[in-house]
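Enquirer: Quick check, what structure comes out for this input:
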Amino acid sequence: MSTAAKAEKKRLISLNTRNTLVGLSFILPNFIGFTVFILVPVIFSFVLSVMKWDGFTAMEFVGLQNFVNIFKDRVFRAALRQTIVFSVFTVIFSMIAALGLALLLNTKIKFVNFFRSAIFFPYVASIVAVGAVFKAMFLKDGGPINQFLSMIGVPAELLPGWLSSTKWALMAVIIVQVWKNMGYFMLIYLAALQDIPSSLYEAASIDGLSEYGCYFRIVLPLAKPAIATLTIFTFVNTWNDFMGPMIYFNSEANKTIPLGIRMFIGQYSSEYQLIMAASVVALLPILILYVFCQRFFVQGIATSGLKG
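Expert: Sure, this is the predicted structure:
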């Protein structure tokens, strides 16, 4: 190999090394933060969930005993059941409502920008303010909703207690969550819908496909990445929601997992191993959902305008 060729090879290696170092300099700070504040605590949670530890003495391996103990707890089982119902129905109703609004407001109607802004507004409203308004609306005695039910003939003894009732409280909070979130989800759906070429609709119409056929054979398949992305984000936010249930739910029977975990934290001591076991149980559904939706999730982040 000639001297010039060796020099060129050395220059290319030096350039590649420099480019690699520049790339690492951008990645490293975020990776360090991710490792210290997310990866290490998650690993520690998994380790501590199979240990017996009071925070002072040496750890003792107990296997799955901590998980057995938390599932023996009636309050935690109720909180897990409440969280599953709360998360699943919030996701389903939010997706349906947002997609319907997006399809409606993706057409050329008067004041479309006003309607989009009005529907989006609840998402940016303070959750405390929203909570105060809806708690007043859901009052059993004197609340506007029960007053309306009385006007249409519902007997007083059949009026629901809403937030004070174990039967109706969860439904009331699901309604609030759907109302608050659907505006933001609608915008993400709009971004996905407007990314679909109009030529596809025209070709489908020429082939004789009805409007409903276009929705099911063109819109939904092409909007699948956005749907998967919103499903994951909605489920994660609802599953981990602490402030909403704390504002609305008054009964211990209506606790969700974030509130249920607090019962293992005492005034003078905390059962760390049970807290970590409960945290692992709370983390598993999110990991499972992400594994199944990962391919569409990454594509949705790239195409829907959602940047997390």
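Enquirer: What ranges in the stretch 51-200 of the chain fall below the confidence cut-off?
Expert: Judged against pLDDT under 70, the stretch 51-200 of the chain has no low-scoring part.
Enquirer: now the helices: where do they sit in it?
Expert: 65-72, 74-105, 112-124, 127-137, 144-151, 169-194, 198-206 (DSSP state H, counting those that start in this stretch).
Enquirer: Can you report how many residues neighbour residue 35?
Expert: Other residues lying near residue 35 total 11 when counted by other Cβ atoms under 10 Å. All C-beta atoms are positioned from the backbone trio N, CA, C, and that covers glycine.
Enquirer: Tell me the spacing between it and residue 46.
Expert: Shown here: residue 35 relative to residue 46, a distance of 15 Å by Cβ to Cβ, to the nearest Å.
Enquirer: what does residue 206 give?
Expert: In terms of Cβ to Cβ, residue 206 sits 56 Å off from residue 46.
Enquirer: Give me the more crowded residue out of those two.
Expert: Legend: neighbour count by other Cβ under 10 Å for residue 206 and residue 46, higher for residue 46 (14 against 8).
Enquirer: now the more buried one, what's its secondary structure?
Expert: helix (DSSP: H, G, I helix; E, B strand; the rest coil).
Enquirer: Would you mind measuring from the residue nearest to residue 89 when sequence neighbours are not counted to residue 34?
Expert: Computed as Cβ to Cβ, 6 or more residues apart in numbering, the closest residue to residue 89 that is not its neighbour in sequence is residue 174, at 5.3 Å. Distance, residue 174 to residue 34, using Cβ to Cβ: 33 Å.
Enquirer: higher neighbour count, these two?
Expert: residue 174 (20 against 12).
Enquirer: where's the residue nearest to residue 89 relative to residue 228, distance?
Expert: Residue 174 is 21 Å from residue 228, by Cβ to Cβ.
Enquirer: Equivalent analysis for residue 173, please.
Expert: Counting by Cβ to Cβ - residue 173 and residue 228 are separated by 25 Å.
Enquirer: who has more neighbours, the two?
Expert: Set side by side, residue 173 and residue 228 show more neighbours around residue 173, with 27 against 23, by other Cβ under 10 Å.
Enquirer: these two touch, right, the more buried one and residue 248?
Expert: Yes. Between residue 173 and residue 248 there is a contact at 4.8 Å, judged by Cβ atoms under 8 Å.
Enquirer: Cheers, nothing more for now.
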